[in-house]
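Asker: Next come a sequence and a model predicted from it.
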Amino acid sequence: MKMYTLREWLAEGEKLFGTKDFLKWEFVCVNCETIQTGQDLIDAGVGKKEVEHYLGFSCIGRFNKDKGCDWTLDGLFQIHKAKVILPDSYSRPVFEFAKKDK
């Protein structure tokens, strides 16, 4: 299991995608392997204030039945491979970053 501090996770996203704008970062659903971004979630109807909660945590298929699946990391089965340790010591499961070809 890959464990990141919040600072490490943010730095990794910025390094991989060349921007601090997490809406442009790509994540891979652990169940169906659909690659998705925050902008994809917004386009599927997730409000801009709610995107941060779902990004890298719930598959786009929960919001757009034509893409992905309905997986979320809040369920019974724990098949994720990465977690972010938040400042309050709570660890949150996350989808892995999609790898950018450089």
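Answerer: All right, it came through fine.

Asker: which residues are contacting the lengthiest helix in the chain?
Answerer: For the chain, the longest helix by residue count, based on DSSP state H, is helix 6-17. Residues from elsewhere that reach helix 6-17 (C-beta atoms under 8 Å, 6 or more residues apart in numbering): 4, 20, 22, 24-26, 84-87, 94, 97, 99-100. (C-beta placed from N, C-alpha, C; glycine too.)

Asker: Show the buried residues in those.
Answerer: Y4, F22, W25, E26, V84, I85, V94, F97 (16 or more other C-beta atoms under 10 Å).

Asker: Give the full set of residues in contact with the last one.
Answerer: Just to be clear, that refers to F97. Counted by C-beta under 8 Å, 6+ apart, F97 has contacts E12, G13, L16, W25, E26, F27, V28.

Asker: that older thread, after the longest helix of the chain, which helix or strand is next?
Answerer: strand 26-28 (DSSP states H and E).

Asker: Quickly run through the sheet partners of that following strand, with directions.
Answerer: strand 35-37 (antiparallel), strand 96-97 (antiparallel) (DSSP bridges).

Asker: before we move on, back to that, state the mean pLDDT of the longest helix of the chain.
Answerer: Averaged across helix 6-17, pLDDT comes to 95.

Asker: and it, which residues are buried?
Answerer: For helix 6-17, by 16+ other C-beta under 10 Å, it's W9, G13, F17.

Asker: Could I get the residues you listed in TSV, plus columns for distance to F63?
Answerer: As requested, the buried residues of helix 6-17 are exported to TSV (distance: C-beta to C-beta, whole Å):
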residue	distance to F63
W9	23
G13	21
F17	21
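
Asker: Nearest to L55 among those residues?
Answerer: Closest approach to L55 among the buried residues of helix 6-17 (C-beta to C-beta): G13, at 10.3 Å.
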